[in-house]
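*Asks:* Just a sequence and a predicted model for now, questions to come.
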Amino acid sequence: DQQVKQNSPSLSVQEGRISILNCDYTNSMFDYFLWYKKYPAEGPTFLISISSIKDKNEDGRFTVFLNKSAKHLSLHIVPSQPGDSAVYFCAAPNTGNQFYFGTGTSLTVIP
Amino acid sequence: EPEVTQTPSHQVTQMGQEVILRCVPISNHLYFYWYRQILGQKVEFLVSFYNNEISEKSEIFDDQFSVERPDGSNFTLKIRSTKLEDSAMYFCASRLSDEGFEQYFGPGTRLTVT
């Protein structure tokens, strides 16, 4: 049962442009969402999060938008840099202590 | 900066053998997790551990799996009788408290079952 979905397995963007990574969820009980970045042969690294009481959270070049009615969130990276090339996962915890991850989107930023 | 460490980085074992994957979470963290990622697939939750007991486990975490925090620093995942389909990257993670959901992941152990 895929409660968190990332429908785009890959994305290529020119350096300096905006990268938009999308995530959809099915469980309306989710009230917190996280984005992780993963390089090959490393563990995921926390990037940014958002609580369901907000619709936007910004941290430097990274902004996460949440649309609760559409059960959709997106991560915007602007400007994109070659070092941003990685796999990005969105994740959400249930009301207990179980986290659901999406399948990931592989971002390539072209210099 | 404190980090989660995992050993070994790569473990090769024969089907039916027992393996123990080891993790040292960040020292003042209270919540501990194991995840796995089969090659090319998503990161899958296995189990969470808090206050010296399992707090949640997924359908994957069957009787072949167990976790333990044998002392104040280590957190282990044991697979009793490995199967070919257990081949995956196994990630340990820890979280400071229930005031924030950010988890800090280790670099992973690649388990290969032959």
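*Replies:* It's in. Values in this document were obtained by computation on a predicted structure and should not be read as measured data. Numbering: from 1, shown residues only, chains lettered A, B, ... in the order given.

*Asks:* List the contacts of the closest residue to chain A within chain B.
*Replies:* Among all residues of chain B, B:F105 sits closest to chain A, at 3.2 Å; criterion: Cβ to the nearest Cβ. Yep, even glycine has a C-beta here, placed from its N, CA and C like the rest. Listed by Cβ atoms under 8 Å, 6 or more residues apart in numbering or on different chains, the contact partners of B:F105 are A:36, A:43-45, B:4, B:35, B:91-93.

*Asks:* Nearest spatial neighbour of it, chain-adjacent residues omitted?
*Replies:* In space, and not counting its chain neighbours, B:F105 is closest to A:G43: 3.2 Å by Cβ to Cβ, 6 or more residues apart in numbering or on different chains.

*Asks:* So the one you found lies in a helix, does it not?
*Replies:* No. Counting by DSSP: H, G, I helix; E, B strand; the rest coil, A:G43 is not found in a helix; it is coil.

*Asks:* Can you get me a residue count around residue 93?
*Replies:* By default, I'm working from chain A. 20 (other Cβ atoms under 10 Å in any protein chain shown).

*Asks:* oops, chain B please
*Replies:* Per other Cβ under 10 Å, the neighbour tally for B:A93 reads 28.

*Asks:* so it sits right up against A:G43, yeah?
*Replies:* Yes. With contact defined as Cβ atoms under 8 Å, B:A93 and A:G43 form a contacting pair (7.5 Å).

*Asks:* picking up where we left off before, are any of the contacts of B:F105 buried, and which?
*Replies:* Among the contacts of B:F105, the ones that count as buried by 16 or more other Cβ atoms under 10 Å in any protein chain shown are A:36, A:43-44, B:4, B:35, B:91-93.
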